[in-house]
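> Provided below for reference: sequence and predicted model.
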Amino acid sequence: MSLKEQIKNDIKDAMRAKETLKRDTLRNIQAAIKQIEVDERRDVSDADVEAILMKYAKQREDAMAQFKDAGRDDLVEKELAELALVKTYLPEPMDDAELESVLKEVIASTGAESMKDMGKVMGAAKGAIGSRADGGRINVMVKKLLS
């Protein structure tokens, strides 16, 4: 079953169980998927859905930080619950050692030697790693390895 179908089925299950937070979060994700399908006139793959989920998770983290600064603990809890739900659909994130070994392979395959080659490495790394690590972590590790 594709990730898109899994989300659709989980929305139905959440509706039956009257889990409003889960239902609403998954509906927001489904709306983002539908938006891409309509805008680009194509079916989305699991990789596309993972990218949407990563973006949604990043938005929840950013909102959570803003709510913490504003002292809105009720909204922080809501964002935290949504983030936990979204992470259940994402693949297990890479640990630092695994990320470093993959990046060393990418650097070797691209022939990168200095910071000038960072763009080349980042593009290849995003393709190799996918949604198992966010761009910020990849960026920091590439800088460390190239310097």
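That came through, no problem.
> Could you point out the helix or strand that follows the top helix by length along the chain?
Assignment by DSSP state H gives helix 46-70 as the longest helix of the chain. Counting by DSSP states H and E, the next helix or strand C-terminal to helix 46-70 is helix 73-87.
> what ranges do the helices span in this structure?
Secondary structure of the chain (DSSP H): helices at 3-16, 20-40, 46-70, 73-87, 96-110, 118-129, 135-146.
> Any chance of the ones you listed in a markdown table with mean pLDDT and mean neighbour count as columns?
C-beta coordinates here come from the backbone N, C-alpha and C atoms, glycine included. Output for these, formatted as a markdown table (pLDDT from 0 to 100; neighbours: other CB atoms under 10 Å):
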| stretch | mean pLDDT | mean neighbour count |
| --- | --- | --- |
| helix 3-16 | 96 | 15 |
| helix 20-40 | 96 | 15 |
| helix 46-70 | 93 | 16 |
| helix 73-87 | 95 | 16 |
| helix 96-110 | 90 | 15 |
| helix 118-129 | 88 | 16 |
| helix 135-146 | 89 | 15 |
